[in-house]
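Trainee: Below is the sequence, then the predicted model.
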Amino acid sequence: MTRDFRRHESEPMTMQSGDMTGFRFSTAHFGARDRLPIFREQIGRMIVKLDPEPLDDGAFHAEASVRELSGLGIGSWACSNLKIARPRELLDGNDDLVLTIITSGNVRASQRGRDIELSPGQAVLQSSAEAGNMVVPVSPSRFVGLRLPRKALASLVHDPEDMLIRPLPANTEAMRLLALYISELDDSYQLSTPELRNAVVKHLTDLGALIIGANPDAAVAAEDGGLAAARLAAVKADISENLSHGDLTLPAVAARLKLTPRHIQRLFESVGSTFSEFVLGQRLARAHHLLTDPRHSRSTIGTIAFEVGFGDLSYFNRTFRRHYGATPSDIRAAPRRS
């Protein structure tokens, strides 16, 4: 992947982890005069093999986080007032299939002489081997993309070619979980070993196949593979969002995610943990972060304990010391001593 483009001083453009490579960018980080040339030539044509252009003379915007992982590509995009095309001159022999899920706004996708209008909760499958485009109106839109090798789908989906530029079932569980899984992958996953990377590739492929239309055997296998991993990621994300609630409970999380409490317990059991252990670990980790963050230096230890969901200060102090081998006061004082 080529990355020979100018960087804005405030924007870290590239990221690497093992054999996982990618980049982030935002047109907002470039000067108005340079914005379109950089986006078109140094990002669009050289990296993602796309040719973007504004729909009209008004302001346009694009930001993305794009990653490559063992032959599979993932991306999160936010755009407005853009036509993003793959013209014939940018076709490079790649015949992967690209699954795009709209999470907000509206998008029009075109290929093979067909157009399809997409709104939130809808998805479309396109081919990297053929010219096509996506049109994003002036109102901002967000979408996630998954680029899948055709051979990876060969045994999972019957004739994926027939699903190109056709409406896919909307707002399915697999679709919602894939969008969340990609978001969690971008934010927090550290894929430091080949085993972890291969597992994530398998999970993403499972979810993509379910959205496109997995055959019966693949659908059964995905239940314990990609679907289970994405459900667990959704549970963990819900817990993180609600840590400050002292009454964070398994039934409450299950109700929000439309899962049974026992199903969530089995998800944690599959990774050698429990719901309670994960909640406690997350609360302690967030407390540790707040204790070492200068912006919270005026907050008392009791206030921090309450903010992360502990109702008993003595219990917080005991579990914190057992977990970190130091008291909250010791952790807070360490940066000042150093």
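Mentor: Cool, the structure landed.
Trainee: For Gln265, give its distance to Ser276.
Mentor: Computed as CB to CB, to the nearest Å, the Gln265 to Ser276 distance reads 10 Å. C-beta coordinates here come from the backbone N, C-alpha and C atoms, glycine included.
Trainee: out of these two, which sits in the busier spot?
Mentor: Neighbours of Gln265 and Ser276, each counted by other CB atoms under 10 Å, are more numerous for Gln265; the result is 15 against 12.
Trainee: Just give the number of residues close to Phe85.
Mentor: Wrong residue type there; residue 85 is Ala, not Phe. Ala85 has 17 neighbours, counted by other CB under 10 Å.
Trainee: Tell me the strands beside the one helix or strand Ser65 maps to, with direction?
Mentor: Element membership of Ser65 [criterion: DSSP states H and E] is strand 61-69. Under the criterion DSSP bridges, strand 61-69 sits next to strand 20-26 (antiparallel), strand 72-80 (antiparallel) in its sheet.
Trainee: Report the buried residues of it.
Mentor: Using 16 or more other CB atoms under 10 Å as the test for burial, strand 61-69 gives His61, Ala62, Glu63, Ala64, Ser65, Val66, Arg67, Glu68, Leu69.
Trainee: and it, what's its mean pLDDT?
Mentor: On average, the pLDDT along strand 61-69 is 90.
Trainee: Stretch 133-152 now?
Mentor: Mean predicted confidence for stretch 133-152 is 94.
Trainee: Could you point out the helix or strand that follows the helix or strand where Arg318 lies?
Mentor: According to DSSP H and E, Arg318 maps onto helix 313-324. Following helix 313-324 in sequence order, the next helix or strand is helix 328-337 (DSSP H and E).
Trainee: And that next one, what does it pack against?
Mentor: helix 275-291, helix 301-307, helix 313-324 (3 or more CB pairs under 8 Å, 6 or more residues apart in numbering; DSSP states H and E).
Trainee: Mind giving me the packing neighbours of the helix holding Arg318?
Mentor: If you count contacts as 3+ CB pairs under 8 Å, 6+ apart, helix 313-324 packs onto helix 275-291, helix 301-307, helix 328-337.
Trainee: Please compute how far that helix lies from its chain's middle.
Mentor: The chain centre lies 33 Å from the centre of helix 313-324; the measure is CA atoms, centre = their mean, to the nearest Å.
Trainee: Kindly calculate the angle that that helix makes with helix 328-337.
Mentor: Per axes from the mean of the first three to the mean of the last three CA atoms, to 10 degrees, the angle that helix 313-324 makes with helix 328-337 is 60 degrees.
Trainee: Can you show me the CA trace of helix 313-324 as CSV?
Mentor: C-alpha atoms of helix 313-324 as CSV (Å, rounded to 0.1, in the frame of the first residue of the first chain):
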residue,chain,number,x,y,z
LEU,A,313,-15.4,3.3,48.9
SER,A,314,-13.9,0.6,51.1
TYR,A,315,-14.7,-2.1,48.6
PHE,A,316,-13.2,0.1,45.8
ASN,A,317,-10.0,0.6,47.7
ARG,A,318,-9.6,-3.2,48.5
THR,A,319,-10.3,-4.4,45.0
PHE,A,320,-8.1,-1.7,43.4
ARG,A,321,-5.1,-2.6,45.6
ARG,A,322,-5.6,-6.3,45.0
HIS,A,323,-5.8,-5.7,41.2
TYR,A,324,-2.9,-3.2,40.8
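Trainee: Check the model's average confidence along that helix for me.
Mentor: On average, helix 313-324 scores 96.
Trainee: Just the buried positions in that helix, please.
Mentor: Within helix 313-324, the residues that count as buried by 16+ other CB under 10 Å are Phe316, Asn317, Thr319, Phe320, Tyr324.
Trainee: wouldn't Leu243 be in contact with Phe310 here?
Mentor: No. Leu243 lies out of contact with Phe310 (CB atoms under 8 Å); the separation is 10.0 Å.
Trainee: Centre-most residue in this protein?
Mentor: The chain has Ser183 as the residue nearest its centroid, 1.9 Å off, counting by CA atoms, centre = their mean.
Trainee: Give me the distance between that residue and Ile212.
Mentor: Ser183 is 20 Å from Ile212, by CB to CB.
Trainee: Flag the shaky bits of the stretch 201-338 of the chain, pLDDT-wise.
Mentor: Scanning the stretch 201-338 of the chain for pLDDT under 70 picks out 335-338.
Trainee: try it again with 80
Mentor: By pLDDT under 80, the weakly predicted segments of the stretch 201-338 of the chain are 246-247, 334-338.
Trainee: Sketch out the helices for the stretch 101-250 of the chain, chain order is fine.
Mentor: 150-153, 173-187, 194-212, 216-223, 226-241, 250-257 (DSSP state H, counting those that start in this stretch).
Trainee: residues making contact with the fifth one?
Mentor: In this case it means helix 226-241. Helix 226-241 is contacted by residues 173-174, 177-178, 180-181, 184, 199-200, 202-207, 210, 248, 253, 256-257, 259, 263-264, 267-268, 270-271, 278-279, 282 when judged by CB atoms under 8 Å, 6 or more residues apart in numbering.
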